[in-house]
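>>> quick one, fold the following:
(one chain, ligands or ions: 2)
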Amino acid sequence: MSAPQPVYLSDYQPPAYWVTHTELTFDLDPAQTRVKARLSLERHPDVDAATPLFLNGEQLTLTSLAIDGKTLDESAYRVDGQGLTIYNPPSAFTLESDVTLAPEANTALEGLYQSSGMYCTQCEAEGFRRITYYPDRPDVMATFRVTVIGDKTREPVLLANGNPVEQGELEGNRHFVTWEDPHPKPCYLFALVAGDLKKIEDHFTTMNGRKVTLQLWVEAENVAKTDHAMASLKRAMTWDEETYGREYDLDLFMIVAVNDFNMGAMENKGLNIFNSAAVLTHPDTATDAAFQQVEGIVAHEYFHNWSGNRVTCRDWFQLSLKEGFTVFRDQCFTADTNSAPVKRIQDVSFFRTAQFAEDAGPTAHPVRPDHYIEITNFYTLTVYEKGAEIVRMLRNLVGWEAFRRGSDLYFSRFDGQAVTIEDFVICMEEVSGVDLGQFMRWYEQAGTPEIDAQGEYDYAHAEYHLTLRQRTPATPGQTDKESLHIPVRMGLVGTKSGQDLTLTLDGEKQGKDTVVHLREDEQTFVFTEVAEAPVPSLLRHFSAPVKMHFPYSREDLAFLLTHDSDGFNRWDAGQRLAMLALDDLIAAHRNGVEKVMDSRVTDAYRALLATPTDDKAVLAEMLALPTEAYIAEQQPLVDIDAIHAAREFVRQSLAMALRDEFIAVYEANQSNERYAPTPEQIGQRSLKNVALSYLMSIEDEQAITFCQTQFEAEHNMTDVRHALTLLVHSDRDDLASPALKAFGEKWSHDPLVMDQWFTIQVTRPQEDALERVKHLMQHPAFSLKNPNKVRALIGSFAQNRINFHRLDGAGYALLADVVIELNRLNPEIAARLITPLTRWQRFDETRQALMHEQLERIKAQPLSSNVYEVVEKALA
Ligand code: PHE
Ligand code: ZN
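Ligands and ions are numbered 1, 2, ... in the order given. Okay, the predicted model is just below:
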C-alpha cells in the first residue's frame with residue numbers, strides 16, 4: 001500500500017463545476033440502501049471544456065449513471081476507490097446516479113450508518129462521499145430536496161434538513177417524507193435520520209415575531225431527559241439575537257439524540273444530530289458538569305447556524321473560521337448565563353493543560369494548518385480552543401462594540417458564501433481601523449509563545465520598568481518563529497495599599513488596568529508616577545494564549561492571592577503558589593529527601609477558607625490543586641511517580657492541617673433544595689465536594705461516613721458520583737465494592753450512567769486499575785463499536801497517569817491493542833486514542849522506549865490514513 005498523500009492549502013483551486021441543486025431519494029435498508037441522486041451541475045466559467053468532472057465517492061456500488069436522462073456509455077466515465085470521473089461533460093446538465101450502500105456494516109460512523117437500530121448520518125468533514133457521488137467540498141453549495149423512504153413500523157419517523165413538504169404511503173408497509181431546504185448549503189451539512197423516535201416539541205418566537213417550532217427527537221425511554229436541552233436551546237436563541245443580532249432562519253429546528261457518535265454533536269442545517277451524552281440530562285443520571293456541557297454544546301451547535309452554516313468555510317484549512325468563532329460565542333454565552341469567572345477559570349485551566357500539551361508535541365499545528373493527510377485528525381484543541389482564544393484577543397483588540405459591527409459586516413457581506421479566515425479578520429480591521437497584519441501570524445504559527453517578564457521598581461523616580469521578551473519554541477516543520485502581537489492585560493498592585501495603582505504609560509493615564517501590546521521580541525514598558533513598590537498582575541483573564549514567566553516570590557503570590565482585583569489572576573496566583581511548593585516536593589521525592597509542606601501554602605488555603613465569599617464555585621476552584629496533567633505540563637521532563645507523590649502529599653498535608661475547616665465547609669453546604677443546575681447550587685455542591693475530597697485523601701472516619709451517607713441519599717448524580725468515586729479511589733474496598741455493585745445494577749439499563757460507572761473504576765489510583773479495564777472490556781455494557789464506551793473505559797484509563805504509565809509497559813500495550821482493533825472499526829476514534837502515546841518524548845528513557853515500542857507495533861499494521869498520519873508524526 002502506498003503512503004497516503006497530504007493535501008496542501010496552497011494547492012486550493014475553485015471547483016470546476018458547481019452543483020446548484022441536489023435531489024436525493026433514499027430507500028432505506030440495513031444491508032442495501034439505495035440512493036438516487038439528481039444533481040444540477042454548471043461548469044465554472046473560467047474552466048475549459050475539456051476538463052473532466054470529478055465527484056468524490058467511497059465505498060459505494062454504482063448501479064446507474066445518466067446525463068440529461070441518457071445513460072452514460074462506459075467509456076465516458078471511470079470509477080476508482082476515490083470517486084467518479086466523467087469525461088467531456090456538457091457545460092450545464094443534470095446528472096443522475098444510483099448507488100447502493102450498507103449502513104449496518106458502517107462502524108466508522110461516517111456517512112449513513114445505524115445506531116441502536118435507527119438510521120443517521122454524519123457528513124462533516126468528508127462523510128457525504130460515502131452517501132453518493134458528489135463534489136464533497138465545502139465551497140460547493142446547493143439547495144437540497146430529499147425524499148426518505150422507510151418501513152412504517154421500524155422507521156415511523158423520517159427526517160432531513162429544512163421543512164417537510166410532502167409525505168405518503170407506499171406498498172409493502174413503506175412510507176416516505178420529502179424535505180426541502182431552501183438555504184444553499186455544502187454537503188457536509190446534509191443530514192438524515194430515520195427510526196422509531198419520540199418528539200418533545202416547543203416553540204420560540206424570534207425577534208421579528210416569526211414562530212419557530214423546536215423539536216427534540218429521542219428514543220422513548222429518554223423523553224424525561226430532555227427539559228434541560230430544550231431550555232438551553234431557547235436561551236441560546238435569545239442570546240444570539242440579543243448579543244449578535246442573529247435570528248433563526250427556518251420554521252423548524254430539530255435536535256436528534258443518537259447513541260453512537262464520534263464527536264459531541266453536529267450542526268447540520270435545521271437538523272442537529274447529537275451524541276446522546278451531549279443532550280440528555282436528568283438530575284438522577286447526569287452531573288452538574290454534564291448539565292453545563294449540554295447547555296454549552298446545544299448553544300454551540302445552534303450558533304453554527306450563522307457562524308458556519310449561513311457563512312461557511314471555503315476549504316477545511318479554514319476550519320477554525322467556524323469553530324474558533326463558534327467556541328468563542330458559546331464560551332461567552334455560558335459566561336453570561338452562569339458564573340463568568342468560573343467559566344474562564346475552567347476554560348483556561350483545561351486549555352493550559354491540554355492545548356499546551358498538543359502545541360508541545362509532535363502533532364502541533366497552526367490554528368490554520370497548511371497541510372493534512374486526514375482532516376478528521378484536525379478537529380483539535382488547537383483549531384477549536386486556540387482558535388477561540390484568537391477570536392477573544394480580536395474582540396479585546398478592537399473592543400466589543402467594533403467587534404459586533406465587524407461581525408455584522410461579516411455575516412452580511414458573506415451570507416451564503418464559503419470564505420476564509422482573512423475574510424473574517426478583514427471585516428474586523430475595516431470596522432475598527434486597527435492594523436491586524438502582524439496579528440494574522442497567530443493563525444499561521446504553531447507552538448505556545450512564552451513570555452519572560454521582568455520588573456524593576458525605581459524608588460528614586462517612582463517608575464516601574466516592565467520588560468517582556470517573547471519566544472515561540474520550534475514545532476515540527478516550523479523552526480523559525482516570528483514575533484507575535486501579544487496583548488498583555490495587566491495591573492500593578494501596590495504592596496503598601498494593597499490596591500491597584502493608577503497606571504501612567506508614556507505620560508498617559510490608563511486607569512487601573514491596561515493592555516500593553518508586545519509586538520517585538522523584547523520591549524520595556526515604563527510606568528511613571530508609581531507611588532509605591534508594586535507586584536505586577538500579568539496576563540489578566542489570560543489575555544493571550546501564552547505561558548507567562550515572572551520571578552514571583554511566594555510572598556508576592558500570597559499577596560496577589562488576597563489583593564489582586566482581578567478574580568482570575570487571584571486564582572492563578574494560587575495555582576502558581578501551589579506549583580512552587582509542588583516543584584520543591586517533586587525534587588524532594590526524586591532525591592529521596594523527606595517531604596516538608598510549605599506552611600505559606602497551608603496559610604494561604606486557611607485564609608481562603610476563612611474569607612467569607614458569595615461565589616462558592618470560585619472558592620472551590622481556588623481550593624482545587626493543579627491536576628497531575630497540568631503539573632506535568634509545567635515540568636521539563638515528566639516524572640510520573642514524583643508528581644503523583646508530591647500532589648498526594650500536599651493534599652494530605654492540607655487535609656490534616658485544615659481538617660476542621662473542611663468538615664465545617666462540608667457541613668455548612670448541605671442542602672435539601674430540589675436539584676437545579678443553577679450557578680448557586682452548582683457552586684455549593686462543588687465547594688462541599690472539594691472539601692470532601694480533601695478529607696477522603698486521609699481516609700478520615702468522619703469523611704467516610706459523609707461519603708456513605710451522601711452516596712446512599714441519592715439526592716442527585718453529582719453528589720452520588722462524587723461520593724462513589726471517592727470511595728472507589730480510597731483503600732476501603734470493603735465499602736467501595738458493595739457501592740459499585742449496587743450502582744452498576746441499579747443503572748445497568750442506562751448507557752450514559754454505565755459510562756460513568758466504567759470511568760470511576762478505571763481512574764482509581766490503586767494498582768489493579770489496568771486489570772479492571774481488561775475485565776470491564778468483557779462487560780455486556782461495553783462495546784468497542786460505541787465511541788462513548790471507548791472513551792469512558794479506555795480513554796479514561798489513559799488519563800489515569802500512574803497506572804497508564806506503569807513501568808512494565810502494560811498500560812501502553814493495552815492502549816495499542818485497542819488502537820489496532822479500532823483502526824479497522826473506527827479509524828477516527830482510533831487516531832484520537834493514540835494521543836497519549838504520541839507524547840513519549842516528555843518521559844524518562846524507560847517509558848520512552850516502552851511507548852516507542854507500541855508506536856512501532858501499531859505502525860507495522862496495515863493502517864487507515866487517520867492512524868497512519870498520527871503514528872507517522874509521533875515517530876518522525
Ligand atoms: N462540527 C462539529 C462541532 O460543532 C463537530 C464535528 C465534527 C462533529 C466532525 C462530527 C464530525 O463542533
Ligand atoms: Zn463546532
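>>> show me the helices in the stretch 501-650 of the chain, by range?
Using DSSP state H, counting those that start in this stretch, the helices assigned to the stretch 501-650 of the chain run over residues 554-563, 567-590, 599-610, 616-623, 628-634, 640-657.
>>> how about the closest residue to ligand 1 within the stretch 101-250 of the chain, what does it touch?
Going by Cβ to the nearest ligand atom, ligand 1 is nearest to residue 124 of the stretch 101-250 of the chain, at 4.2 Å. For glycine as for every other residue, the C-beta is placed from the backbone atoms N, C-alpha and C. Counting by Cβ atoms under 8 Å, 6 or more residues apart in numbering, residue 124 makes contact with 188, 189, 266.
>>> again, only using 6 Å
residue 188 (Cβ atoms under 6 Å, 6 or more residues apart in numbering).
>>> what's the pLDDT at it?
Note for residue 124: predicted pLDDT of 98.
>>> can you check residue 1 too?
So, for residue 1, pLDDT stands at 55.
>>> hang on, the earlier thing: of all the helices of the stretch 501-650 of the chain, which one is nearest ligand 2?
With Cβ to the ion as the measure, helix 628-634 is the member of these nearest ligand 2 (24.0 Å).
>>> helices or strands up against the closest one?
helix 640-657 (3 or more Cβ pairs under 6 Å, 6 or more residues apart in numbering; DSSP states H and E).
>>> can you list contacts of the helix or strand that the helix it packs on is followed by?
Going down the chain from helix 640-657, the next helix or strand is helix 659-668, by DSSP states H and E. Here helix 659-668 makes contact (Cβ under 6 Å, 6+ apart) with 609, 688, 691, 692, 694, 695.
>>> of these, just the buried ones, ChimeraX syntax please.
Restricted to buried positions by 16 or more other Cβ atoms under 10 Å, the ChimeraX selection for these reads:
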select :609,688,691,692,694,695
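>>> the closest residue in space to residue 287 that isn't next to it in sequence sits in which helix or strand?
Excluding its sequence neighbours, the residue lying closest to residue 287 (Cβ to Cβ, 6 or more residues apart in numbering) is residue 718, at 4.5 Å. If you go by DSSP H and E, residue 718 is part of helix 717-728.
>>> how about that helix as CSV, C-alpha atoms only?
The C-alpha trace of helix 717-728 is given here as CSV (Å, rounded to 0.1, in the frame of the first residue of the first chain):
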residue,chain,number,x,y,z
MET,A,717,-26.0,12.3,40.4
THR,A,718,-23.4,15.0,41.1
ASP,A,719,-23.3,14.0,44.8
VAL,A,720,-23.7,10.3,44.2
ARG,A,721,-21.0,10.1,41.7
HIS,A,722,-18.6,12.2,43.7
ALA,A,723,-19.1,10.0,46.8
LEU,A,724,-18.8,6.8,44.9
THR,A,725,-15.7,8.0,43.2
LEU,A,726,-14.1,8.9,46.5
LEU,A,727,-14.9,5.5,47.9
VAL,A,728,-13.7,3.6,44.9
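>>> who touches it?
284-288, 685, 689, 696, 707, 710-711, 714, 735-736, 739, 743, 756, 760, 764.
>>> out of those residues, who's near ligand 2?
With the criterion set as Cβ under 5 Å from the ion, no member of the contacts of helix 717-728 is near ligand 2.
>>> of those residues, which belong to helices?
Under the assignment DSSP state H, the contacts of helix 717-728 contribute 288, 685, 689, 696, 707, 710-711, 735-736, 739, 743, 756, 760 to helices.
>>> please, which helix or strand holds residue 25?
strand 17-27.
>>> what do you get for residue 797?
Judged by DSSP H and E, residue 797 forms part of helix 796-799.
>>> got the buried residues for that helix?
So helix 796-799, judged by 16+ other Cβ under 10 Å, has buried residues 796, 797, 798.
>>> which one of those is nearest ligand 2?
Among these, and counting by Cβ to the ion, the member closest to ligand 2 is residue 796, at 23.5 Å.
>>> residue 753 versus the closest one, what's the distance?
Noted for residue 796: a distance of 15 Å to residue 753, by Cβ to Cβ, to the nearest Å.
>>> what of residue 386?
On the measure of Cβ to Cβ, residue 386 and residue 753 end up 33 Å apart.
>>> what lines up beside the strand holding residue 25 in the sheet?
Here strand 17-27 is paired, per DSSP bridges, with strand 33-43 (antiparallel), strand 142-151 (parallel).
>>> okay, those strands, which one's buried deepest?
The highest mean neighbour count among these, using mean count of other Cβ atoms under 10 Å, belongs to strand 142-151: a mean of 21.
>>> list the buried ones in the helix or strand encompassing residue 291?
Using DSSP H and E, residue 291 maps to helix 288-303. By 16+ other Cβ under 10 Å, the buried positions in helix 288-303 come out as 288, 290-303.
>>> same question for stretch 816-823.
For stretch 816-823, using 16+ other Cβ under 10 Å, the buried residues are 816, 817, 818, 819, 820, 822, 823.
>>> do the same with stretch 784-795
784, 786, 787, 788, 789, 790, 791, 792, 793, 794, 795.
>>> give me the contacts around it.
107, 260, 262, 277, 755, 758-759, 762, 776, 782-783, 818, 829.
>>> nearest to residue 397, of those?
The nearest member of these to residue 397, counting by Cβ to Cβ, is residue 262 at 35.2 Å.
>>> and ligand 1, is the host helix or strand of residue 389 touching that?
Following DSSP H and E, one finds residue 389 within helix 387-398. No. Interface with ligand 1: helix 387-398 contributes nothing (Cβ under 6 Å from any ligand atom), its closest point being 11.1 Å away.
>>> ligand 2 contacts on the chain?
Residues of the chain lying close to ligand 2 (Cβ under 5 Å from the ion) are 323, 326.
>>> shaky segments in this structure?
1 (pLDDT under 70).
>>> residue 42 against residue 18, yeah?
Yes. Contact criterion Cβ atoms under 6 Å: residue 42 and residue 18 qualify, at 4.9 Å.
>>> for ligand 1, what are the nearby residues on the stretch 351-500 of the chain?
Residues of the stretch 351-500 of the chain that fall close to ligand 1, judged by Cβ under 6 Å from any ligand atom: residue 379.
>>> closest residue of the stretch 351-500 of the chain to ligand 2?
Counting by Cβ to the ion, the stretch 351-500 of the chain gets nearest to ligand 2 through residue 384 (7.2 Å).
>>> who's in contact with that residue?
Counted by Cβ under 6 Å, 6+ apart, residue 384 has contacts 323, 327.
>>> for it, phi and psi?
phi -80, psi -60 (degrees, to the nearest 10).
>>> any idea how far it is from residue 827?
Taking Cβ to Cβ, one finds residue 384 at 20 Å from residue 827.
>>> again, but for residue 788
17 Å.
>>> again, but for residue 521
Look at residue 521 and residue 827: by Cβ to Cβ, they are 42 Å apart.
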